[in-house]
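>>> structure, please.
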Amino acid sequence: MIETRAPGKLFVAGEYAVVEPGGSAVLVAVDRFVRVRVRDAAANTLRSDHYTEPLTWRRDGEGVAIDGAREPDVVGAALDVVEALAAASGRPELTLDIAVESDLDHVDGAKFGLGSSGAVVVALVHALATAHDLPLDDQTLLRLALLATWRINPSGSGGDVAASTLGGWLAYRSADAAAALALRDRVGVAAAVAEPWPGLLAEPLPTPGALALLVGWTGSPASTAALVERSRRSRAASDADFRSFFAASDATVASLADAIRADDTARIETAIRSARAGLGRYAALSGIEIETPALTALCDLAEARGAAAKSSGAGGGDCGIALAGPDVDRAALAADWSAGGIRPLDLAVVTRPDTTRSTP
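Next up, the predicted model:
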């Protein structure tokens, strides 16, 4: 049996701008995981909380099909890219039982916004490649997972995929999803992951030495895909203003990444506050509610204790983050959040995914 796991993620800065090709962000991987177990079996089967019952999967002339799935999803897309790579590499077909489990969400089913689809793809691609004896370096794993993710959601940035692949703190710059998918269609998966992808960058960053990452959940799940799509539709009204936001966001992200590399606490905090202000301007420009009243309360309570805070991800609910130095009373901040209806999440930064192999 092969077992892999991939962590969830949180955006630290760069939201919305990173969905544009060449846009940048800083993210962090956290210790909630998707786990995938793969073993030899008599039939190709698939079990996941995402499905109401075990399903079967099969190879057909156009890739991989999951019998009984209501619509194409990232599980089928991940199967498809690895099967294509295995065939191109001369690997024999395998009959596999695949189980997917997640602890990225709460036990009551509430979604925290930790990027479950990206973690599913990374863990599944990693497990299937290991089963096929296809050694992957981090960049190849990332590209395979991006191809699978973008096949289902080409408007996504891929930042969640990068964080789940590399772990830790991460500087990310997005590639052009449409160009990557066209390249795959033109030359095949194996050749596509070996060619240059203009713009793509996934670079580990050091962990800030004096700052703790604190995370609060507002209790209101948000749909990232829906918010991003609304953002795209609103841009035609004032392209110059949107270009200005993208440029300012990328400058803030570059400043944040440089400050993290230098372990400069004051500059990190300044960049976090600048990122929050930038998202406020973008919300006014696009008409999207990014910082809900609950997220505003989360941030303001953290700032009152001396931490630098902002929403994380597309906003509209989900999580906010605070970077707290040694002078911040973290227990008091957690109590403030709880009193305000915000759930402190017990999350820690996780360095990187892992794989285990054992006998059945």
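>>> so where is this protein shaky, pLDDT-wise?
Across the chain, the ranges flagged by pLDDT under 70 are 105-112, 220-238, 353-360.
>>> domains of it?
What automatic domain parsing lists as the domains of the chain is 2-206, 212-345.
>>> turn these into a markdown table, columns for mean neighbour count and distance to R352.
Using the backbone N, CA and C atoms, a C-beta is placed for each residue, glycine as well. As requested, these are arranged in a markdown table below (neighbours: other Cβ atoms under 10 Å; distance: least, Cβ to Cβ, whole Å):
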| stretch | mean neighbour count | distance to R352 |
| --- | --- | --- |
| domain 2-206 | 20 | 3 |
| domain 212-345 | 19 | 17 |
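>>> right, and the ones you listed - which one's nearest T351?
Among these, domain 2-206 comes nearest to T351, with 4.9 Å by Cβ to Cβ.
>>> quick one: end-to-end length of that closest one, please.
With Cα to Cα, to the nearest Å as the measure, domain 2-206 spans 30 Å from end to end.
>>> which ones are touching the nearest residue to L141 once chain neighbours are set aside?
Once flanking residues are discounted, L141 sits nearest to T165: 5.5 Å by Cβ to Cβ, 6 or more residues apart in numbering. By Cβ atoms under 8 Å, 6 or more residues apart in numbering, the residues touching T165 are A6, V122, D138, L141, L142, A145, A202, P353.
>>> alpha carbons of the helix or strand containing T165, as PDB, please.
Element membership for T165 (DSSP states H and E) is helix 159-166. C-alpha atoms of helix 159-166 as PDB (Å, rounded to 0.1, in the frame of the first residue of the first chain):
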ATOM      1  CA  GLY A 159      -1.400  28.800  -5.500                       C
ATOM      2  CA  ASP A 160      -3.200  26.200  -3.400                       C
ATOM      3  CA  VAL A 161      -1.600  23.500  -5.500                       C
ATOM      4  CA  ALA A 162       1.900  25.000  -5.000                       C
ATOM      5  CA  ALA A 163       1.500  25.200  -1.200                       C
ATOM      6  CA  SER A 164       0.300  21.600  -1.000                       C
ATOM      7  CA  THR A 165       3.200  20.500  -3.100                       C
ATOM      8  CA  LEU A 166       6.100  22.300  -1.400                       C
END
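>>> off-centre distance for the following helix or strand past that helix?
Next helix or strand after helix 159-166 toward the C-terminus (DSSP H and E): strand 169-173. Remark: strand 169-173 is offset 11 Å from the chain centroid, using Cα atoms, centre = their mean, to the nearest Å.
>>> following strand 169-173, which helix or strand comes up?
Note on strand 169-173: by DSSP H and E, the next helix or strand toward the C-terminus is helix 177-187.
>>> restrict the next helix or strand after that next one to CA atoms and write it as CSV.
Counting by DSSP H and E, the next helix or strand C-terminal to helix 177-187 is helix 189-194. What follows is helix 189-194 as a C-alpha-only set of coordinates in CSV (Å, rounded to 0.1, in the frame of the first residue of the first chain):
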residue,chain,number,x,y,z
VAL,A,189,1.3,15.4,-20.7
ALA,A,190,4.9,14.1,-20.6
ALA,A,191,6.3,16.7,-23.0
ALA,A,192,4.2,19.5,-21.5
VAL,A,193,5.6,19.1,-17.9
ALA,A,194,9.1,19.1,-19.3
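>>> and the residue nearest the centre of the chain, how far is that from V30?
The centre of the chain sits closest to D160, judged by Cα atoms, centre = their mean, with a distance of 1.3 Å. Note on D160: its distance to V30, by Cβ to Cβ, to the nearest Å, is 11 Å.
>>> how about E195?
Per Cβ to Cβ, E195 is found 32 Å from V30.
>>> thinking again about what came up before, overlap of the contact sets of D160 and V30?
Common contacts of D160 and V30 (Cβ under 8 Å, 6+ apart): K9.
>>> returning to that earlier point: now the helix holding T165: how far from the chain's centre is it?
On the basis of Cα atoms, centre = their mean, the separation between the geometric centre of helix 159-166 and that of its chain is 5 Å.
>>> what angle do strand 169-173 and that helix make with each other?
Put simply, helix 159-166 runs at 130 degrees to strand 169-173, going by axes from the mean of the first three to the mean of the last three Cα atoms, to 10 degrees.
>>> show me where the protein has its strands.
With DSSP state E as the criterion, the chain has strands at 2-13, 24-40, 45-48, 55-60, 63-67, 96-102, 169-173, 201-205, 212-217, 308-311, 319-324, 343-345, 354-357.
>>> and those strands as JSON lines, adding distance to L333?
Shown next, in JSON lines, are the strands of the chain (distance: least, Cβ to Cβ, whole Å):
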{"stretch": "strand 2-13", "distance to L333": "17"}
{"stretch": "strand 24-40", "distance to L333": "18"}
{"stretch": "strand 45-48", "distance to L333": "36"}
{"stretch": "strand 55-60", "distance to L333": "44"}
{"stretch": "strand 63-67", "distance to L333": "45"}
{"stretch": "strand 96-102", "distance to L333": "28"}
{"stretch": "strand 169-173", "distance to L333": "21"}
{"stretch": "strand 201-205", "distance to L333": "24"}
{"stretch": "strand 212-217", "distance to L333": "7"}
{"stretch": "strand 308-311", "distance to L333": "9"}
{"stretch": "strand 319-324", "distance to L333": "7"}
{"stretch": "strand 343-345", "distance to L333": "8"}
{"stretch": "strand 354-357", "distance to L333": "32"}
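>>> what's the closest of these to A190?
Of those, nearest to A190 by Cβ to Cβ is strand 63-67, at 14.2 Å.
>>> give me the contacts around that closest one.
Against strand 63-67 from outside (Cβ under 8 Å, 6+ apart): 46, 55-59, 73, 75-76, 79-80, 83-84.
>>> that concludes my questions; thank you for your assistance.
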